[in-house]
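> Fold the stuff below for me.
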Amino acid sequence: MNKKTWPASKAVSVVVDTAGWFDPFAQRLVNGLISSGHRATLIRDYANVPAGDVAFYLSCMRITPSETLARNERNLVVHASDLPKGRGFSPMVWQVLEGTNQIPVTMIYMTEEVDAGEIVLQDTIFLEGHELNDEMRNLLGNKIIEMCLQYTNSPELPEARPQSGESSWYPRRRPNDSQLDPHQSLAAQFELLRVVDNERYPAFFDYRGFRYTLRIDKQGAIPTSETKG
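Numbers count the residues shown, from 1 in each chain. Now for the predicted structure:
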């Protein structure tokens, strides 16, 4: 390994191009990198990405220009699926809707083809089936921080491997994807209720000529005495 291309102390950019749920996790990642002895910066605009050793593109919605990627030795993204399965948008949400409670999390190098780069690290988030959107995001945000620190703090450059197997693609979720069927039970639609965003795309249903929205919040576990009753 060439130590010059994998120094102990690295110049790292954490790039987040869209304000949203990942913001506090991005800042925590930057703080963790600095505490580990790296020179880390949170970047909001691709034009401001500096030259460096590593750039993490996290919770980014826009395609990164090739000239921006060229500024860093290595560019990485973290995707919540078992790539090449589940490329595309909101992979954790789609998997929860499919009934999955084990969510693979994959770190890959960025390439011109979206979500097609070599796999660097993989881990798994385990759900119990009751978690709501904010809880799932918290688990994912913490896992992303953990994996990014693991990669950057590795004493040697982690080995990467090509993706293998048949690929699949998840589409972008739209507000209408949060529509409930008033003629079905809440239990039958609970997975959808788990993944809706109460503020940006709340659950809703149309009934008797009007549209209604629903907000879901977890109040806590039911006391054992009540569940037995």
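
> now the helices: where do they sit in this structure?
Using DSSP state H, the helices of the chain run over 23-35, 66-69, 91-97, 133-153, 190-195, 224-228.

> which one of those helices lies closest to Val54?
Smallest distance to Val54 across these (C-beta to C-beta): 6.0 Å, for helix 133-153. In this view, the C-beta of every residue, glycine as well, is placed from N, C-alpha and C.

> Give me the buried positions along the closest one.
Residues 133, 136-137, 139-141, 143-145, 147-149, 151-152 are the ones in helix 133-153 that count as buried (16 or more other C-beta atoms under 10 Å).

> Which strands or helices does that helix pack on?
Identification of packing neighbours for helix 133-153 by 3 or more C-beta pairs under 8 Å, 6 or more residues apart in numbering; DSSP states H and E yields helix 23-35, strand 52-57, strand 72-79, helix 91-97, strand 102-109, strand 119-126, helix 190-195.

> could these be laid out in TSV, adding mean neighbour count, distance to Thr224 and mean pLDDT?
Listed next are the helices and strands packed on helix 133-153 as TSV, based on neighbours: other C-beta atoms under 10 Å; distance: least, C-beta to C-beta, whole Å; pLDDT from 0 to 100:
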stretch	mean neighbour count	distance to Thr224	mean pLDDT
helix 23-35	17	34	98
strand 52-57	23	43	98
strand 72-79	21	38	98
helix 91-97	21	27	98
strand 102-109	20	27	98
strand 119-126	16	23	98
helix 190-195	18	22	98
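
> Out of the helices of the chain, which is closest to Pro7?
Nearest to Pro7 among the helices of the chain is helix 133-153 (10.7 Å), distances taken as C-beta to C-beta.

> what does the closest one contact?
In this structure, residues lying in contact with helix 133-153 by C-beta atoms under 8 Å, 6 or more residues apart in numbering are 10, 12, 14, 21-22, 24-25, 28-29, 32-33, 36, 38, 54, 56, 58, 76, 78, 80, 92, 96, 103, 105, 107, 120-121, 123, 125, 127, 131, 158, 194-198, 218.

> Only alpha carbons, please: show that helix as PDB.
In PDB, the C-alpha atoms belonging to helix 133-153 read as follows (Å, rounded to 0.1, in the frame of the first residue of the first chain):
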ATOM      1  CA  ASN A 133     -39.900   6.800  10.200                       C
ATOM      2  CA  ASP A 134     -37.900   8.900  12.600                       C
ATOM      3  CA  GLU A 135     -36.700   5.800  14.500                       C
ATOM      4  CA  MET A 136     -35.600   4.100  11.300                       C
ATOM      5  CA  ARG A 137     -33.800   7.200  10.200                       C
ATOM      6  CA  ASN A 138     -32.000   7.400  13.500                       C
ATOM      7  CA  LEU A 139     -30.800   3.800  13.100                       C
ATOM      8  CA  LEU A 140     -29.700   4.400   9.600                       C
ATOM      9  CA  GLY A 141     -28.000   7.700  10.400                       C
ATOM     10  CA  ASN A 142     -26.000   6.100  13.200                       C
ATOM     11  CA  LYS A 143     -25.000   3.200  11.000                       C
ATOM     12  CA  ILE A 144     -23.800   5.600   8.300                       C
ATOM     13  CA  ILE A 145     -21.600   7.400  10.800                       C
ATOM     14  CA  GLU A 146     -20.200   4.100  12.100                       C
ATOM     15  CA  MET A 147     -19.300   2.900   8.700                       C
ATOM     16  CA  CYS A 148     -17.800   6.100   7.500                       C
ATOM     17  CA  LEU A 149     -15.600   6.200  10.600                       C
ATOM     18  CA  GLN A 150     -14.700   2.600  10.200                       C
ATOM     19  CA  TYR A 151     -13.600   3.200   6.600                       C
ATOM     20  CA  THR A 152     -11.600   6.400   7.300                       C
ATOM     21  CA  ASN A 153     -10.000   5.100  10.500                       C
END
